[in-house]
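Visitor: Need a 3D model of the sequence below.
(one chain, ligands or ions: 1)
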Amino acid sequence: MSIALLFPILLGWVAGLFINYVSDVLPLTRRFSQPVCIQCGNHLAWTDYLTLRACRVCGKKRSLRTWLVQIFAVASFVYFWLVPSKALGIPLGMIVLIYFGIIIVIDLEHRLILHPTSLVGAVLGLLVGTLIHSRADGLLVGIGKSLLGGLFGSGVMFLLYQFGTLVARLRARKMQAAGQAEDEEEALGGGDVYLAGVLGLMLGWPFIWDALIIGVLLGGAVSFLFLLALVVRRRYTVDALMTFIPYGPYFIISAFYKLFL
Ligand SMILES: [Zn+2]
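Guide: Okay, here's the model as predicted:
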């Protein structure tokens, strides 16, 4: 191993700490607060938190996710250090990796896409999209293509979201008629609209098209397999058809594919 690899390893480790920290505090307090133990609520000292120590009060160890994020962050930083993204280069590529990491962890754990992360993403997205497209077409066209991508991505998802809301409303009416209590199931989260906008800015027009199609197909395929598993195990109900599809991670995967591979 070359000694030069120590640099991306170290950077990746620090990036992992940052992803973990943001994913730990932002969904709970909506600001950059002092981290607390998830079991007893004890405020963790920064030195303990950043060295991944267990809670000193109740002994609760750090989550599996914490370690997985550290490992994935180091591995991806080393990989894209050796094989940089042609579209982004090394520094911007690392920032985008950190951003994707935060969005995926929070979306998987809380089914949430937060407004502050969408806002930061919009700025980052416009920067990335403009950079990618202005290389060939000049700055103004680059900005235009980035904005058009953002508008298209969020527009398409907004229409899908409206459709999902309509389905949910019809379903609620049917359940009411059947005397069942309503639930709060959403076919497609509003946060996905913002996320599709951010990724649209990042990829720009027309690449957002491919990313949306890949994302929806990927999400659909996984949901289909899930449904199939339910059928095989004879647990199939009509309700399973309506199960929430978290598109966020699939969109990130397809955007990641387009930007990095
Ligand atoms: Zn504790």
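
Visitor: can you give me the helices in the chain?
Guide: Remark: helices of the chain, listed N- to C-terminal, are 6-29, 46-50, 64-82, 90-110, 115-137, 139-177, 190-203, 207-232, 238-241, 247-260; assignment by DSSP state H.

Visitor: Quick one, which of these gets closest to the ion.
Guide: If you check each of the helices of the chain against the ion by Cβ to the ion, helix 46-50 wins as the nearest, at 10.7 Å. The way it works is simple: take the backbone N, C-alpha and C, and place the C-beta from them, glycine included.

Visitor: buried stuff in the closest one?
Guide: Buried residues in helix 46-50, counted by 16 or more other Cβ atoms under 10 Å: residue 49.

Visitor: Not counting its own residues, what contacts it?
Guide: By Cβ atoms under 8 Å, 6 or more residues apart in numbering, the surrounding residues in contact with helix 46-50 are 17, 21, 34-35, 56.

Visitor: returning to what we had before: most tightly surrounded among the helices of the chain?
Guide: Most buried of the helices of the chain, by mean neighbour count (mean count of other Cβ atoms under 10 Å): helix 190-203, with a mean of 27.

Visitor: average model confidence for that helix?
Guide: Averaged over helix 190-203, pLDDT sits at 90.

Visitor: Pull up the gap between residue 193 and residue 199, please.
Guide: The spacing between residue 193 and residue 199, counted by Cβ to Cβ, to the nearest Å, is 11 Å.

Visitor: ok, back up a step: can you add distance to residue 40 and give the helices of the chain back as CSV?
Guide: Formatted as CSV, those follow (distance: least, Cβ to Cβ, whole Å):
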stretch, distance to residue 40
helix 6-29, 15
helix 46-50, 14
helix 64-82, 17
helix 90-110, 19
helix 115-137, 27
helix 139-177, 38
helix 190-203, 30
helix 207-232, 35
helix 238-241, 36
helix 247-260, 30
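
Visitor: If I average pLDDT within each of those, which one is lowest?
Guide: helix 238-241 (a mean of 52).

Visitor: quick check, nearest of the contacts of helix 46-50 to residue 122?
Guide: Of all these, residue 21 has the smallest distance to residue 122: 21.8 Å, by Cβ to Cβ.

Visitor: which ones are touching the nearest residue to that closest one once chain neighbours are set aside?
Guide: For residue 21, ignoring the flanking residues on the chain, the nearest one in space by Cβ to Cβ, 6 or more residues apart in numbering is residue 35 at 6.6 Å. By Cβ under 8 Å, 6+ apart, the contact set of residue 35 is 21, 24-25, 43-44, 49.

Visitor: and with 6 Å instead?
Guide: Shown here is residue 35, whose contacts under the criterion Cβ atoms under 6 Å, 6 or more residues apart in numbering are 24-25, 44, 49.

Visitor: again with residue 133
Guide: 142, 145, 204.

Visitor: ok, the first one touching residue 130?
Guide: Yes: distance between residue 142 and residue 130: 4.5 Å, which falls inside the contact criterion (Cβ atoms under 6 Å).

Visitor: If anything else comes up later, I'll come back, but that's it for now.
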